[in-house]
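Undergrad: Sequence and predicted structure, then a few things I'm wondering about:
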Amino acid sequence: MKDLPLGLRTSLDSGVTMLCWCWRVTRRDGTRMGFTDHDRDVVFDATTFEAAAGLSASEINESVGLGVDNLEVSGALTSERLTEADLAAGFYDDAAVEVFRVDWSAPENRILMRTGSLGEVSRAGRIFKAEVRGLAHYLQQPKGRLYQYTCDADLGDNRCKVNLDAAAYRSSGTVVEFLTPRKFTASGLNAFANDFFSRGLLDFTSGPALGQKLEVKVHVKRDGVVSVECWEPVRNPLQPGSGFDVRAGCDKIFATCRAKFDNAINFRGFPHIPGNDFIASHATRPGTRR
């Protein structure tokens, strides 16, 4: 049960209400934006909630316990601040969302209805739908360490200790030609072996995709031609000549950690634990085949 502010409670008791919904979105890069379904801008908490931004919301479903509550926000890309390119680039992934019920005639009379984060975002042309997940969904994500063959550290973090700023593990390149929105040929990477940057991180330093960071799916060097394919599309327009920095990737295998990074001492997996083949095995007499 929510405790209504006195001013909002008085307005509701009067039988004449002037209520609207306001959404505040805070991206992981710190950019903060506000939107409202009212026909005029609403301002509070140093945030301007833009009117006629093409947003509407479904009913808020809440439950007792640790179940994940969901709300769906849909709309058209009518706001100049809410662009299709930013949605496609993943800038809104896991962005913090606050949903307010506000008396637009007196914005100080408001109540925070929900706090969560953006989940799955689907698009069809200029229409989008975004799932707003309750904070309980973080409790459903794995915590702690898992006993597994592969390393559970992130390459270059405090547990891994590999210095990714070293020249041996990074390079700068230039896009030569886009083959698809996710794949392009590149110059500047010929000194590195095939697959060296697979699973690495690519950061555009110039062009329309400036500042966009993408994970590399595949890095291929064949017959002197280098191609790079990312997991996500590059921000439009796809412009040859765009510069980027790229860092080495790791497949989390012990052999790779030892041979590629000379970092076996910091490997955070368990490559010698028994696997399913050991569980399925059975005892045999000495000198007999299994």
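TA: Looks like it came in fine.

Undergrad: sec struct for Ala191, please.
TA: Following DSSP: H, G, I helix; E, B strand; the rest coil, Ala191 is assigned to coil.

Undergrad: For it, give me its contacts.
TA: Ser171 (CB atoms under 8 Å, 6 or more residues apart in numbering). Any C-beta I mention is one placed from the backbone N, CA and C, and that applies to glycine too.

Undergrad: for Gly134, which residues make a bridge with it?
TA: Gly116 (DSSP bridges).

Undergrad: Please report the distance of it from Val102.
TA: 20 Å (CB to CB, to the nearest Å).

Undergrad: and what of Met18?
TA: 9 Å.

Undergrad: same question, Gly34
TA: From Gly34 to Val102 the distance is 11 Å (CB to CB).

Undergrad: which neighbours do the two share?
TA: Cys22, Val42.

Undergrad: Specify the local secondary structure of Arg24.
TA: Applying three-state DSSP: Arg24 is strand.

Undergrad: Tell me how many other residues surround it.
TA: 20 (other CB atoms under 10 Å).

Undergrad: What lies in contact with the strand or helix carrying Lys217?
TA: Lys217 belongs to strand 213-222 when assigned by DSSP states H and E. With CB under 8 Å, 6+ apart as the test, strand 213-222 has contacts from 182, 189-190, 192-204, 226-232, 234, 246, 249.

Undergrad: going on from that strand, what's the next piece of helix or strand?
TA: With secondary structure assigned by DSSP H and E, strand 213-222 is succeeded by strand 225-230.

Undergrad: For that next one, give me every contacting residue.
TA: 173, 179-180, 182-187, 189-190, 197, 202, 214-220, 246.

Undergrad: What of stretch 251-268?
TA: Contacts for stretch 251-268 (CB under 8 Å, 6+ apart): 149-153, 159-162, 169, 198-199, 248, 250, 269, 271.

Undergrad: same check, this time on stretch 145-156
TA: 159-160, 162-164, 200, 247-254, 257, 266-271, 273, 275.

Undergrad: Apply 10 Å and report the result again.
TA: 144, 159-165, 169, 199-201, 247-254, 256-257, 261, 263, 266-273, 275 (CB atoms under 10 Å, 6 or more residues apart in numbering).

Undergrad: Can you tell me which of the residues you listed are buried?
TA: Buried members of the contacts of stretch 145-156, counted by 16 or more other CB atoms under 10 Å: 160, 162, 164, 169, 199-201, 247-250, 252-254, 256-257, 261, 263, 267-269.

Undergrad: which regions of the stretch 1-150 of the chain lie under the pLDDT threshold?
TA: 1, 52-85, 88-89, 120-129, 135-138, 140 (pLDDT under 70).

Undergrad: What ranges does it have for its helices?
TA: Here the stretch 1-150 of the chain has its helices, by DSSP state H, counting those that start in this stretch, at 6-13, 84-88.

Undergrad: Buried deepest among those, which one?
TA: Each of those was scored by mean neighbour count; the highest is helix 84-88, a mean of 16, by mean count of other CB atoms under 10 Å.

Undergrad: Could you report the separation of the residue nearest to Leu12 when sequence neighbours are not counted from Asp45?
TA: Spatially, and ignoring its direct neighbours in sequence, Leu12 is nearest to Leu4 (7.2 Å; CB to CB, 6 or more residues apart in numbering). From Leu4 across to Asp45, the span is 18 Å (CB to CB).

Undergrad: who has more neighbours, those two?
TA: Between Leu4 and Asp45, counting by other CB under 10 Å, Leu4 is the more crowded of the two (16 against 13).

Undergrad: From what I see, the more buried one and Ile111 are in contact.
TA: Yes: contact status for Leu4 versus Ile111: in contact at 6.0 Å, counting by CB atoms under 10 Å.

Undergrad: which residues do these two both contact?
TA: If you check Leu4 and Ile111 against CB under 10 Å, 6+ apart, the residues they both contact are Arg101.

Undergrad: which residue ranges form the strands in the stretch 101-250 of the chain?
TA: Secondary structure of the stretch 101-250 of the chain by DSSP state E, counting those that start in this stretch: the strands cover 110-124, 127-134, 170-180, 183-187, 201-204, 213-222, 225-230, 243-247.

Undergrad: now the angle between strand 225-230 and the last one, please.
TA: This points to strand 243-247. Here strand 243-247 points in a direction 80 degrees away from that of strand 225-230 (axes from the mean of the first three to the mean of the last three CA atoms, to 10 degrees).

Undergrad: From the chain's centroid, how far away is strand 243-247?
TA: Distance of strand 243-247 from the chain centroid (CA atoms, centre = their mean, to the nearest Å) equals 19 Å.

Undergrad: Cool, thanks, signing off.
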